[in-house]
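# Here is the input, now give the coordinates:
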Amino acid sequence: MKQMQIYAFDMNCVGHINHGLWTHPRDTSSQYTDLDYWVDFARTAERGKLDGIFLADILGVYDVYKGSPASVIATGAQMPVNDPLMPISAMAYVTSHLGFAVTVNTTYEPPYLLARRMSTLDHLTKGRIGWNIVTGYLDSAARAMGLERLPEHDARYDAAEEYLEVLYKLWEASWDDDAVLRDKTRAIFAEPSKVHAVKHDGQYYKMEGIHLSQPSPQRTPLLFQAGASARGQDFAARHAECVFIAAPTPQAARPTVAALRQKAEAFGRGADALRILGLVTVVVGRTEKEAFSRLEDYRRHASVEASLAHYSASTGVDLSKYGLDDPIEQRSTNANQSALAAITRAPATLRQIIDQMVLGSRMRPIVGSAEQVADHLAAWIFDGDVDGFNLARTVAPESLRDFVDLVVPVLQERGLFKADYAEGPLRQKLFGGGGRLPSSHPAAAFRR
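Here you go, the predicted model:
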């Protein structure tokens, strides 16, 4: 029986996916600037045998809605937001098996610098680091980084392809496997003839240099990606090992899952090269009645204003300009293509979008007893053919604690979730074998 993977999905900010819930009296997410908050989060996730913590990130601010960032600033909708890499070392120190997937944008940071940062984290976590590859979608970020506007959607992916080529050369080819000697007798730490400068002269990137970090347990971190456009799917099928998708139902997810697996096969990697994760929000109680009572309690704190501001930025469409029953204009923007398609394909109205915002997000939550939640998650696995989930928080920390204490034991009893962790680096835990990328991955072509 296929066992699901589960990641606790969060962001180094007050309001992540389910907007407004930081105002709930039991919510502690306003303590996100405190390291104890993240340490407790990691300990709870590992106690539940979760595969990892998936940290989202965004550069820039959401300023499309009403032509201003005022709404997101006032409501705390992913603003302010801190660097997602900083808490990982502390979380890794208090855990032994928990993985960490961290979002870093390729558009604004030279690959040479990112290579060292990720290798450092792979060392410090003993091989438990993953990288969620994004190219960005906000013009506000581009302006903040000195550009006039964001590069075009497909051009961002073209540049990201070359960005990864530079990283693969640095991670996989700069140091031979046996370069590090640690020979105290001869006072030789590494053999110079086995450390190589990387050269790259491409359309987007030019560099020459030795990777600054010695080989880490995985060398290349576990690769995550969340592109849902046609170009994004091609990119994910070629490079990613875990792919993050968002769909309203298992049946709606299945075509995307099938397309990703087919594309991975076409690239010579095989359909089983990908682990596909769906976005879910769970509100669980000891009984169905308790769960729905909790949902109503949470709903009183949800923010439609924050969610509309977030969605406007995601689509590049200012939703404040539409009446409740006006169809959203079908158009093309340079923002998140899959988010835009979701509201213009039908097309949707503002009232329909708001109706979906049960907890201040665009995804309706799974609500029920532990057994009912387990039934829903199993349906995603069998009907949607996903491999697991990114579990968005509602009220922190109780939403994760409730899931760990109530839902995980039911999943384990049914054989749908592991009873304990496997040994080895993160990639080995998820795919078996060793901690290195397999020979079918494009990075392997750059090995010496």
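
# The protein: strands as residue ranges?
For the chain, the strands defined by DSSP state E occupy 5-11, 52-56, 99-105, 129-134, 180-183, 188-190, 197-201, 206-210, 222-225, 242-245, 275-285, 366-369, 388-392.

# Determine which of those approaches residue 251 most closely.
Minimum separation from residue 251 across those (CB to CB) falls at strand 275-285, 12.0 Å. C-betas here are computed from N, CA, C, even on glycine.

# got a list of what the nearest residue to residue 369 once chain neighbours are set aside touches?
Take residue 369 and drop its neighbours on the chain: the residue closest to it by CB to CB, 6 or more residues apart in numbering is residue 288, 5.0 Å away. Neighbour list for residue 288: 368-369, 372 [criterion: CB atoms under 8 Å, 6 or more residues apart in numbering].

# Could you list the single helix or strand in this protein with the lowest mean pLDDT?
Lowest mean confidence among the helices and strands of the chain (mean pLDDT, DSSP states H and E): helix 337-344, at a mean of 49.

# For the chain, give me the ranges with low pLDDT.
330-347 (pLDDT under 70).

# Let's see that with 80 instead.
1, 227-228, 329-347 (pLDDT under 80).

# for it, longest helix please?
Identified as the longest helix of the chain according to DSSP state H is helix 153-173.

# Taking strand 129-134 as reference, get the angle to that one.
160 degrees (axes from the mean of the first three to the mean of the last three CA atoms, to 10 degrees).

# For helix 153-173, name the packing helices and strands.
helix 111-124, strand 197-201, helix 230-239 (3 or more CB pairs under 8 Å, 6 or more residues apart in numbering; DSSP states H and E).

# Among the ones you listed, show me which one is buried the most.
helix 230-239 (a mean of 21; mean count of other CB atoms under 10 Å).

# now what about that one, what contacts it?
Contacts for helix 230-239 (CB under 8 Å, 6+ apart): 133, 153-154, 157, 160-161, 164, 223, 225-227, 243, 256, 259-260, 263-264, 266-267, 269, 274, 337-338, 441-442.

# Next, the contact list for residue 209, please.
112, 197-198.

# want to try JSON lines for the residues you listed, with distance to residue 142 as columns?
JSON lines is the format used below for those (distance: CB to CB, whole Å):
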{"residue": "112", "distance to residue 142": "21"}
{"residue": "197", "distance to residue 142": "32"}
{"residue": "198", "distance to residue 142": "28"}
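
# which one of these is nearest residue 21?
Nearest to residue 21 among these, with distances taken as CB to CB, is residue 112, at 39.4 Å.

# The closest one is in contact with residue 163, isn't it?
No. Residue 112 is beyond contact range of residue 163, at 10.6 Å (criterion: CB atoms under 8 Å).

# of the helices and strands packed on helix 153-173, which approaches residue 324 most closely?
Per CB to CB, nearest to residue 324 of these: helix 230-239, 31.3 Å.

# Next, the angle helix 153-173 makes with the closest one.
Using the same axes, to 10 degrees: helix 230-239 against helix 153-173 is 10 degrees.

# so how far is helix 230-239 from its chain's centroid?
Relative to the chain's own centre, helix 230-239 is displaced by 15 Å; criterion: CA atoms, centre = their mean, to the nearest Å.

# Tell me the spacing between residue 60 and residue 54.
20 Å (CB to CB, to the nearest Å).

# and if you look at residue 369?
Applying CB to CB to residue 369 and residue 54 gives a distance of 26 Å.

# Only alpha carbons, please: show stretch 293-304 as CSV.
The C-alpha trace of stretch 293-304 is given here as CSV (Å, rounded to 0.1, in the frame of the first residue of the first chain):
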residue,chain,number,x,y,z
SER,A,293,-17.7,23.9,16.0
ARG,A,294,-14.0,24.6,15.8
LEU,A,295,-14.5,25.6,12.1
GLU,A,296,-17.1,28.1,13.0
ASP,A,297,-14.9,29.5,15.7
TYR,A,298,-12.0,29.9,13.3
ARG,A,299,-14.3,31.5,10.6
ARG,A,300,-15.0,34.4,12.8
HIS,A,301,-11.4,35.4,12.5
ALA,A,302,-10.8,34.8,8.8
SER,A,303,-10.0,37.8,6.6
VAL,A,304,-11.6,38.1,3.1
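
# Between residue 60 and residue 54, point out the one with more neighbours.
Between residue 60 and residue 54, counting by other CB atoms under 10 Å, residue 54 is the more crowded of the two (30 against 22).

# Ends of stretch 411-431, what's the gap?
20 Å (CA to CA, to the nearest Å).

# whoops, stretch 131-150 was the one
Rule used - CA to CA; the end-to-end distance of stretch 131-150 is 22 Å.
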